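1. Predicted model, plus sequence, below.
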Amino acid sequence: MNLLDYLPGVPDFPKPGILFRDISPLLANPAAFKEAITKLHDLAQSFDYTHILGVESRGFIFGSALALHANKGLIIARKPNKLPLASHREFYGLEYGKDSLEIQQSTIPKEARVLLMDDVLATGGTLIAADKLLRNAGFTVCGAITLLEIGALNGSTILKENGISNKTVLVS
Ligand SMILES: O=P(O)(O)OC[C@H]1O[C@H](OP(=O)(O)OP(=O)(O)O)[C@H](O)[C@@H]1O
Ligand SMILES: Nc1ncnc2[nH]cnc12
């Protein structure tokens, strides 16, 4: 099965010039979704982690499925003003805009060894912000895994330059 067949590119969404990879067909196909989680689990096994950090919102879908599959805890990084006990916020740019993420330090176990997880790696802005959030709050980050890297944007190299060890299932 070629998982890229289930991640079709939609031109000019959400802005002109962006080829947006839509995860909806993959999620709607149980065999494709299962294969995606199995492959993410294979990548995750090379990291010594206790918790997965899922980034709102698509990172929640894959992060929660992987956490259950791998028997790990799930931590969430949310878009602003969603977490009742938010303690840290980080602003960042991504392929098609700007945003910020928050975590709540008090509800994350102090000894957590966190593996960052997201569906798409484009510029790397989102995962770098997630990494900063956790490190600024005193947590250990093991690395990052993603389902799909947009190769032309060199996100993997940018993550490495920021000290984040990254593995991805697919590159397009
Ligand atoms: O590598 P980057 O350039 O940072 O881009 C990757 C991010 O962009 C998408 O999230 P988006 O902010 O669109 O939110 P969503 O998950 O709610 O759709 C995607 O799910 C990643 O989180
Ligand atoms: N090209 C893209 N497709 C889907 N999600 C994205 N997030 C950032 N860039 C993206």
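-> Okay, I see it. Ligands and ions are numbered 1, 2, ... in the order given.

2. Alongside ligand 2, which residues does the chain contribute?
-> Counting by Cβ under 6 Å from any ligand atom, the chain comes close to ligand 2 at 18, 19, 20, 21, 94, 95, 120, 122, 150. In short, each C-beta sits where N, CA and C put it, glycine included.

3. how many neighbours does the closest residue to the fifth one other than its chain neighbours have?
-> It refers to residue 94. In this structure, residue 94 finds its nearest non-sequential neighbour in residue 125, 4.6 Å apart by Cβ to Cβ, 6 or more residues apart in numbering. Residues within reach of residue 125, counting by other Cβ atoms under 10 Å, total 20.

4. before we move on, what about residue 84?
-> 7.

5. Enumerate every residue touching residue 95.
-> 18, 122, 123, 125, 150, 153 (Cβ atoms under 8 Å, 6 or more residues apart in numbering).

6. ah, wrong one, I meant residue 67
-> Counted by Cβ under 8 Å, 6+ apart, residue 67 has contacts 51, 52, 54, 73, 74.

7. let's see 6 Å
-> Taking Cβ atoms under 6 Å, 6 or more residues apart in numbering, we find residue 67 in contact with 52, 74.

8. Where does it sit: helix, strand or coil?
-> Assigned by DSSP: H, G, I helix; E, B strand; the rest coil, the conformation of residue 67 is helix.

9. And the pLDDT for it?
-> We note a pLDDT of 98 for residue 67 in this prediction.

10. Residue 61 now?
-> 98.

11. likewise residue 120?
-> On the pLDDT scale, residue 120 gets 98.

12. which residue ranges form the strands in the chain?
-> Here the chain has its strands, by DSSP state E, at 9-11, 19-21, 51-55, 73-77, 88-94, 97-103, 113-121, 140-149, 166-171.

13. Whichever of the contacts of residue 95 end up buried, select them in ChimeraX.
-> Buried members of the contacts of residue 95, defined by 16 or more other Cβ atoms under 10 Å, are picked up in ChimeraX with:
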select :18,122,123,125,150
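
14. Since that was my last question, I'll sign off now.
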